[in-house]
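Peer 1: Okay, structure incoming, though there's no sequence with it:
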């Protein structure tokens, strides 16, 4: 919420939530004029006071709220994962197309300076042909987190593994063709419904490989390494929004270290989405981008459950994060933590 005021092209006009007390406190703090419960959502999006919605609900609720917005002629930016099934993703895409509105998957790193720069360096040949992607994203999840609920399609793969997966796809500029995976269910009571950790290996065209592990029961880690034929790039931190990203580039020219600007990731994606709406330009991380990751994650789950590799068939993406998606929205200390 604090990020919206930082953008310069967006205004928060309403808060929709199931907790009226929290809504009132947030609205008062951020100067938002209107709040309503979920039962008031349809009236709000039909009121003419809203151009777009940012859907940051539990995963199982994404499709319903996005489709209702599209049918009301309202643009929607939806948190990752886009939905819980490929069919739901396609339904959201179809509804947006029918309603003449944009559907954007909220991949905040697609507008972040470090991510955009690293992809550009790889495309520019600084490490030769990128061949190997490895990554770990882990932290200790609290016991009451809704991301631990199977009914919401929670788990480390969906919540943080998706960052590793999405990075690999755009680092290689291609879609994987096959996946193998393993998971640890664990004995910790936190993981009664979801896996403790998931590891996956994805084969990409040209014999490239990507391997990552996502865990809700590890020390804080968020890094990835891309090894090419002439060098490597390590991003550490690489995914979290609390700290600036940092790259170490090693190649024939020596070692270069770069810490990127400290920006508001959420402000960047909001500003970018509003720019897309204002200019009539389809967002780069559109509904098809979110669908691709959901399809691959479902294949990872199948591979982990069966012990067999799973083939993947996806069309090539028309674009990837680049200078056109880059936004540098400053951070703010004006925030209310409840």
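Peer 2: Structure received. Remember, it's a predicted structure, so these values are computed and weren't measured experimentally.
Peer 1: mind listing the strands for this structure?
Peer 2: 14-16, 34-36, 52-55, 75-79, 103-106, 130-140, 178-184, 197-204, 208-215, 217-228, 231-235, 246-251, 254-259, 310-311 (DSSP state E).
Peer 1: mind listing what the closest residue to residue 163 other than its chain neighbours touches?
Peer 2: Nearest residue to residue 163, sequence neighbours excluded (C-beta to C-beta, 6 or more residues apart in numbering): residue 239, at 4.5 Å. For glycine as for every other residue, the C-beta is placed from the backbone atoms N, C-alpha and C. Contact partners of residue 239, counting by C-beta atoms under 8 Å, 6 or more residues apart in numbering, are 109, 137, 160, 163, 164, 167, 222, 223, 224.
Peer 1: related to what we said a few turns ago, what would the strands of the chain look like in TSV with mean pLDDT?
Peer 2: Converted to TSV, the strands of the chain look like this (pLDDT from 0 to 100):
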stretch	mean pLDDT
strand 14-16	97
strand 34-36	96
strand 52-55	98
strand 75-79	98
strand 103-106	98
strand 130-140	98
strand 178-184	98
strand 197-204	98
strand 208-215	98
strand 217-228	98
strand 231-235	98
strand 246-251	98
strand 254-259	97
strand 310-311	98
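Peer 1: Residue 294: which of these is closest?
Peer 2: strand 103-106 (9.5 Å; C-beta to C-beta).
Peer 1: what packs against that closest one?
Peer 2: strand 75-79, helix 86-99, helix 265-279, helix 287-306 (3 or more C-beta pairs under 8 Å, 6 or more residues apart in numbering; DSSP states H and E).
Peer 1: Nearest to residue 10, out of these?
Peer 2: helix 265-279 (4.6 Å).
Peer 1: outside of the closest one, which residues touch it?
Peer 2: 3-4, 6-10, 51-52, 54, 75, 77, 102, 104, 106-112, 241, 281-283, 325, 327-331.
Peer 1: out of the residues you listed, which are buried?
Peer 2: Buried members of the contacts of helix 265-279, scored by 16 or more other C-beta atoms under 10 Å, are 3-4, 6-7, 10, 51-52, 54, 75, 77, 102, 104, 106-112, 241, 283, 325, 327, 329, 331.
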